[in-house]
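> Sequence and computational prediction follow.
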Amino acid sequence: MAMASWFSRLRRSSQRFFFTSSALRTSMSTKLARTQNTTNSESPKTPFLFWSSSLLPVALAVSAGSLALRPQSDPSLCEAPSANSRNEFVVKGLCKEVPQELVDELKDVCQDNMTMDYEERYNHGKPQNSFHKAVNIPDIVVFPGSEEQVSMIVKSCDKHKVPIVPYGGATSIEGHTLSPNGGVCIDMSLMNHVKALHIEDMDVVVEPGIGWMELNEYLAPYGLFFPLDPGPGATIGGMCATRCSGSLAVRYGTMRDNVISLKVVLANGDIVKTASRARKSAAGYDLTRLVIGSEGTLGVITEVTLRLQKIPQYSVVAMCNFPSIKDAADVAIATMLSGIQVSRVELLDEVQVRAINIANGKNFLETPTLMFEFIGTERRTS
Ligand SMILES: Cc1cc2nc3c(=O)[nH]c(=O)nc-3n(C[C@H](O)[C@H](O)[C@H](O)COP(=O)(O)OP(=O)(O)OC[C@H]3O[C@@H](n4cnc5c(N)ncnc54)[C@H](O)[C@@H]3O)c2cc1C
């Protein structure tokens, strides 16, 4: 999680607070009361939605409109040797030649919104933010524009026994979007619309390709926000599939706690809805939570109903330095046990603080550091 906006929100006059071992012996609430380096956010409208501005590159956004359908004589290129010249590993998979019949069927469904262009396939088979060096290239990339198209694509792939890999913002860091067996990559970027906003119920129905940052831009004028903030560029579909968390998980939970219902295209092309919009229901199996975190293995998510939160009036950030990671961890635990309402807490070691200093021209004390954020009304947070 990027830290840039944490620091930009600390006033220049803020003093750092260095907790010593002896300080740890006093109660946590006393310590927090003594913390001098707190900062009232200057605007109630700029609280913390965009704090994860990029320290790492933003995931590649692919515009389907710019892609041309260029069939090749041998479309099955998932082991293309030319990729090795880029000093990356193309892991051998079990890919087989994609049947021309499948290519024709996909073209009927997707028209120009599909490609077999090598560079596009390469970009979709190369992890954009992953530590892995492996590049596993799909044979075809499709860009469906609707749930019905997703269903038809999946039905065709099922018929020809060709693997599929759903693709969101490609910010996952464990090679999730690789296509080790070639096949069809289903890029969801065209399905990026808000379908319905229910302000009084505080929920929103979206297509899976919308990013959490774009969603929050849409919601801000209504005083609402969605409190999960993983990598910049992550999409709601990918966030469901990875059961992601974010810096506010300590207060709002993870994706598991913030998704009300899903629509999913199963492996045979059937479309299922996992739950109604009702918050309180004990009926049936909890299919929503079965799909959350399934990493594209149980189906392609085509619609998501999300729980929303009110944008808090005020936020306060406290940055606390410690002699050791152990001391910082002890204070974090003590804070939680004290019942103080924390909206974010992040632990940085001295190496991370140094990286932030270098990247942002700051001069923060390079010791283990806890960053807290508290939210609420002006009176409560001051
Ligand atoms: C700088 C940075 C910070 C990050 N911080 C966090 C963090 O704080 N917490 C955290 O949990 N993660 C974090 N991540 C990881 C990443 O952002 C999350 O895993 C995110 O949820 C991935 O979403 P995505 O849209 O990029 O998915 P992708 O990377 O595109 O895909 C991830 C997986 O989801 C599947 N998938 C995508 N769309 C669908 C769909 N519609 N239906 C079914 N399956 C689908 C893919 O097949 C793949 O298996 C961070 C990453 C970066 C680069």
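Okay, I see it.

> what does the stretch 251-382 of the chain put close to the ligand?
Contact residues, the stretch 251-382 of the chain versus the ligand (C-beta under 6 Å from any ligand atom): 295-296, 300-301. Every residue, glycine included, has its C-beta placed from N, CA and C.

> Out of those, who's the most crowded?
Neighbour counts for these (other C-beta atoms under 10 Å) peak at residue 301, which has 31 neighbours.

> mind checking the SS state of it?
Three-state call for residue 301 (DSSP: H, G, I helix; E, B strand; the rest coil): strand.

> Wait, it touches residue 262, no?
Yes. The criterion here is C-beta atoms under 8 Å, and residue 301 meets it with residue 262 at 5.6 Å.

> and residue 330, what pLDDT?
Looking at residue 330, its pLDDT reads 96.

> Now the protein against the ligand: closest residue?
For the chain, the residue closest to the ligand is residue 238, as judged by C-beta to the nearest ligand atom, at 2.1 Å.

> Kindly confirm my reading that that residue is in a helix.
Yes. Assessed with three-state DSSP, residue 238 lies in a helix.

> Next up, phi/psi of the nearest residue to residue 99 once chain neighbours are set aside, please.
Distances taken as C-beta to C-beta, 6 or more residues apart in numbering place residue 160 nearest to residue 99, at 5.2 Å, with adjacent residues excluded. Dihedral pair for residue 160: phi -100, psi 10, per degrees, to the nearest 10.

> Can you give me the neighbour number for residue 160?
Residues near residue 160, counting by other C-beta under 10 Å, number 17.

> wait, what's in contact with it?
By C-beta atoms under 8 Å, 6 or more residues apart in numbering, the residues touching residue 160 are 98-99, 101-102.

> Only whichever of those residues are buried, select them in PyMOL.
To isolate the buried ones among those in PyMOL, judged by 16 or more other C-beta atoms under 10 Å, type:
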select buried, resi 98+99+102
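
> Run a quick neighbour tally on residue 278.
With other C-beta under 10 Å as criterion, residue 278 counts 10.

> Need the pLDDT of it.
In this model, residue 278 carries a pLDDT of 89.

> And for residue 128?
Predicted confidence (pLDDT) at residue 128: the value is 85.

> element containing it, please.
Element membership of residue 128, judged by DSSP states H and E, is empty: it is in no helix or strand.

> Who's the closest spatial neighbour of the residue of the chain closest to the ligand, skipping the chain neighbours?
Nearest residue to residue 238, sequence neighbours excluded (C-beta to C-beta, 6+ apart): residue 168, at 2.8 Å.

> contacting residues around residue 292?
By C-beta under 8 Å, 6+ apart, the residues touching residue 292 are 240-241, 243, 255-256, 259, 262.

> what bits of the stretch 1-150 of the chain have low per-residue confidence?
For the stretch 1-150 of the chain, the stretches with pLDDT under 70 are 1-88, 92-95.
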